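Engineer: Need coordinates for the following:
(chains A, B, C and D)
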2 protein chains.
Amino acid sequence: MATVRRFNRTVTQRVGALDDEYLSRGRPLGQARLLWEIGPAGAEVAALRARLDLDAGYLSRLLRALESDGLVVVAAGTGGDARVREVALTAAGRAEWELLDRGSDDLAQSILGPLSTGQRTRLATAMAEVERLLMASMVELAPCPPGDPRARSCLRAYARELAHRFDGGFDTAVSAPVDDEDLVPPRGVFLLATLSGEPVGCGALKLHRDAPAEIKRLWVSATVRGLGVGRRILADLERRAAEAGHRSVRLDTNRNLVEAIRLYRSSGYAEVPAYNDEAYAHHWFEKPLTPAP
Amino acid sequence: MATVRRFNRTVTQRVGALDDEYLSRGRPLGQARLLWEIGPAGAEVAALRARLDLDAGYLSRLLRALESDGLVVVAAGTGGDARVREVALTAAGRAEWELLDRGSDDLAQSILGPLSTGQRTRLATAMAEVERLLMASMVELAPCPPGDPRARSCLRAYARELAHRFDGGFDTAVSAPVDDEDLVPPRGVFLLATLSGEPVGCGALKLHRDAPAEIKRLWVSATVRGLGVGRRILADLERRAAEAGHRSVRLDTNRNLVEAIRLYRSSGYAEVPAYNDEAYAHHWFEKPLTPAP
DNA sequence: CGAGTTACCTGACTATAGTCAGACATGTGA
DNA sequence: TCACATGTCTGACTATAGTCAGGTAACTCG
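Structural biologist: Residues are numbered from 1 along each chain as shown, chains lettered A, B, ... in the order given. Take a look at the predicted model:
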């Protein structure tokens, strides 16, 4: 606890301030940050707003400033929606971006400079570890309509992964289908896990009328696997099932999904006889719920 | 390198932003930071200015704002100098400070919350390591008059340490004295190592007229020992000796200072016969210098 | 003592950050 | 087709951050 607090103050304040200083060479920090975030690949205005958490009006104004400095061009997007606008760096903007990139390099260099080779490796290892474990606390869970593009992207990744891991592949036509409407309150819920806006996991709950609640579509992206996100989604879904008055939840799974099976067992699930005829299932689990207060 | 850059951006930006958010609950960030920095123990205005790196006028205005909110009192210091003013928290200010302290706790809690016990220990270890290694790059080396209070504090710590580590203690009257004037250009130099303003090490160089340059008073505080600060001071002094036209440097040391002896050997120093009759010395070292370009 | 410093304060600024309400074009679902 | 939602933009603001040039009292040193 004390270590975390010390870290938050010293490292964060000091390195953060240096980073800002390197970033804002002659240009207001807000503009520099935005320019950096746009990057050589360009970006959609909406994405920038989400990533930097800026007011729409303020962002628009910043873009106008960069545009009048000849650093970026804002044009209608290539996608179908003509409201969505895309920002791209001009040649001058790219040059400016490279400068910021160099600043970022310089800062890293100034940190690594005074260290011996052994210390550098240790620092890199420790930094990677901190970053990874901090990710866990940055992951946010929230219900989300299953039709949402981020939800869709999770479900596609989920299907892709099953196809890859199941012995005979995975065919959505063979598996028991789940209607979107079943995953919308009051008949169920779809939970989305995001890491700074990006979808990194999901889980769904079907609240059956005359049967235990059922958990479906539990998936966690490889980038955050092993950080307890799956367990959090599972616990959240169980809580919602209990609040809806259910006394138990159940789920089915494939024998190849060993981490999932381990998660279920360690979360208090007990194996039960098959309660459905899901083609890809080898194990069926059930867990009693403590009624919501 | 890439790891360091990633770390600087993600961890620093995100945790830093959260930290600021927790800190500024209803109060402007600048004021909150100042209030936090004053702390229950109070502080001198000059110290605050140094720690937060603020303009004198701006700081004064911030203090006035806190004062008119009844959170602090600014009064002439207890020390001799009536120009120096001291800030102390009032009861209300202390309450507000506790709130900020709680915010800092909450943030730490929100980071640790989603982690398992094992992950928490790993995070703490990694954070401590990052912080410690980052210290190394925050240490700044600069020449400094040997009469400076920070230099004095280093020299006192140096004498204290020798008294503690030498077999029969250390008496400045017995050791060969070094005049302050010998450590001021052009006759020598006194180098001070600071970590965010605090003195954490020193080293001195005497440029003899008809003899090799001589290194004296090399000391590194326990807080940053093992981070290569001693080696940096040594290298810097050697560079200055070479620039002054010297072809070699030498130094004497006590057999109990084993880390120092290891440092000298690994830095290219070779043991030589005694070149002086320093009472506390057991070893004499010399290193040839490559002439400055 | 008196010239020069130092530590802090005040007034008068400018720039940056951020907010809010509405305008407008585009897309969506009944 | 119409009502409503969405994505972006503009105008009109306020607040915060930060700078700079004096000013005053207290200290220091010859």
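
Engineer: Show me what counts as buried in stretch A:167-186.
Structural biologist: By 16 or more other C-beta atoms under 10 Å in any protein chain shown, the buried positions in stretch A:167-186 come out as A:170, A:178, A:182, A:183. No exception for glycine: its C-beta is placed from N, CA and C like everyone else's.

Engineer: pLDDT of stretch A:243-263, averaged?
Structural biologist: Mean per-residue pLDDT for stretch A:243-263: 92.

Engineer: what's the first-to-last distance across that stretch?
Structural biologist: 22 Å (C-alpha to C-alpha, to the nearest Å).

Engineer: Show me which positions of that stretch end up buried.
Structural biologist: Going by 16+ other C-beta under 10 Å, stretch A:243-263 has these buried residues: A:244, A:246, A:249, A:250, A:251, A:252, A:253, A:254, A:257, A:260, A:261, A:263.

Engineer: Could you confirm whether that stretch reaches chain B?
Structural biologist: No. Looking at stretch A:243-263 against chain B by C-beta under 8 Å from any C-beta of the partner chain, there are no contacts, and the closest approach is 12.4 Å.

Engineer: With stretch A:14-31 instead?
Structural biologist: Yes. Counting by C-beta under 8 Å from any C-beta, chain B has neighbours in stretch A:14-31: A:14, A:15, A:16, A:19.

Engineer: Out of those residues, flag the one nearest to chain B.
Structural biologist: residue A:16 (3.9 Å; C-beta to the nearest C-beta).

Engineer: close enough to count as contact, the closest one and residue B:10?
Structural biologist: No. At 11.3 Å, residue A:16 does not count as touching residue B:10 under the criterion of C-beta atoms under 8 Å.

Engineer: ok, and the most crowded of the residues of stretch A:14-31 next to chain B?
Structural biologist: residue A:15 (23 neighbours; other C-beta atoms under 10 Å in any protein chain shown).

Engineer: Contacts only, for that one.
Structural biologist: For residue A:15, the contacting residues are A:107, A:111, B:8, B:12, B:134, by C-beta atoms under 8 Å, 6 or more residues apart in numbering or on different chains.

Engineer: and those residues, which of them are in helices?
Structural biologist: A:107, A:111, B:134 (DSSP state H).

Engineer: Next one: the nearest residue in space to residue A:197 that is not next to it in sequence, what pLDDT does it get?
Structural biologist: Once flanking residues are discounted, residue A:197 sits nearest to residue A:50: 4.6 Å by C-beta to C-beta, 6 or more residues apart in numbering or on different chains. Looking at residue A:50, its pLDDT stands at 88.

Engineer: which SSE is residue A:190 in?
Structural biologist: Residue A:190 belongs to strand A:188-195 when assigned by DSSP states H and E.

Engineer: Which parts of the stretch 101-250 of chain A are helices?
Structural biologist: Taking DSSP state H, counting those that start in this stretch, the helices of the stretch 101-250 of chain A run over residues A:117-138, A:149-165, A:229-243.

Engineer: Let me know which of these is tucked in deepest.
Structural biologist: For the helices of the stretch 101-250 of chain A, the largest average neighbour count (mean count of other C-beta atoms under 10 Å in any protein chain shown) is found in helix A:229-243, namely a mean of 20.

Engineer: what's the spacing between that helix and its chain's center?
Structural biologist: Relative to its chain's centre, helix A:229-243 lies at 17 Å (C-alpha atoms, centre = their mean, to the nearest Å).

Engineer: any idea how far the nearest residue to residue A:268 once chain neighbours are set aside lies from DNA strand D?
Structural biologist: Of all residues not flanking residue A:268 in the chain, residue A:287 sits nearest, at 5.1 Å (C-beta to C-beta, 6+ apart). In this structure, residue A:287 and DNA strand D are 36 Å apart, going by C-beta to the nearest atom of the strand, to the nearest Å.

Engineer: Give the full set of residues in contact with residue A:287.
Structural biologist: So, once contact is read as C-beta under 8 Å, 6+ apart, residue A:287 ends up touching A:238, A:248, A:249, A:250, A:264, A:267, A:268, A:269, A:270.

Engineer: picking up where we left off before, give me the phi and psi for the residue nearest to residue A:197.
Structural biologist: Main-chain dihedrals, residue A:50, degrees, to the nearest 10: phi -70, psi -50.

Engineer: burial of it, as a residue count?
Structural biologist: Residue neighbour count, defined by other C-beta under 10 Å, stands at 14 for residue A:50.

Engineer: ok, the contacts of residue A:287 vs DNA strand D, which is closest?
Structural biologist: DNA strand D has its nearest neighbour among the contacts of residue A:287 in residue A:238, at 29.5 Å by C-beta to the nearest atom of the strand.

Engineer: Residue A:250 is in contact with the closest one, correct?
Structural biologist: No. Using C-beta under 8 Å, residue A:238 is not in contact with residue A:250; the gap is 11.1 Å.

Engineer: quick one: contacts for the nearest residue to residue A:132 once chain neighbours are set aside?
Structural biologist: Nearest residue to residue A:132, sequence neighbours excluded (C-beta to C-beta, 6+ apart): residue A:227, at 7.2 Å. Taking C-beta under 8 Å, 6+ apart, we find residue A:227 in contact with A:132, A:133, A:135, A:136, A:139, B:114, B:115, B:119.
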